[in-house]
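Novice: no sequence on this one, just coordinates:
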């Protein structure tokens, strides 16, 4: 079994890798297949390249939002699943919340990316969702903390 850190890092590299390392081959190959399916049909790599080259308008033109909308949920679920497998079912209560809220806020960031500006400059369909991950993780972690605190008081 992989460590929690190793599972997260391999999942960031490519969803499905950590599942394969944890010997969950079918699950791993399904995540890899979904990642490639969404990536190719959304033209994600072309949009990433255009964004990093500062060609934000081109990134919007090449990107297929209908396909890319699936990506945050698949990506975050694969990360949560990898961590869950690395913990061998001993996940603390509500540990899924940062992943869930991260998926939500990245999706919202993607949907709002045509209007999100920093200092009057459009940041685009790659950087807006990336920056949207932070509030989602924070909200999920805060909610997880509060629910665990309530749970402890009941015991």
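Specialist: Nice, I can see it. Bear in mind that the values here come from a model prediction, so they are computed numbers and not experimental data.
Novice: okay, CA-based contacts and neighbour counts for the rest of this
Specialist: Fine.
Novice: Wait, residue 108 touches residue 129, no?
Specialist: Yes - when contacts are counted by CA atoms under 8 Å, residue 108 is listed as touching residue 129 (7.5 Å).
Novice: Those two: which is more packed in?
Specialist: Between residue 108 and residue 129, counting by other CA atoms under 10 Å, residue 129 is the more crowded of the two (24 against 17).
Novice: For the more buried one, identify the helix or strand it belongs to.
Specialist: Of the helices and strands defined by DSSP states H and E, residue 129 is found in helix 124-154.
Novice: Give me the residues contacting the host helix or strand of residue 49.
Specialist: Residue 49 belongs to helix 44-52 when elements are defined using DSSP H and E. Taking contacts as CA atoms under 8 Å, 6 or more residues apart in numbering, the residues outside helix 44-52 that touch it are 39, 56, 58-60, 62-64, 68, 124-127.
Novice: Generate a PyMOL selection restricted to the buried subset of those residues.
Specialist: Applying 16 or more other CA atoms under 10 Å to the contacts of helix 44-52, the buried members can be selected in PyMOL as follows:
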select buried, resi 39+56+58+59+60+63+64+68+124+125+126+127
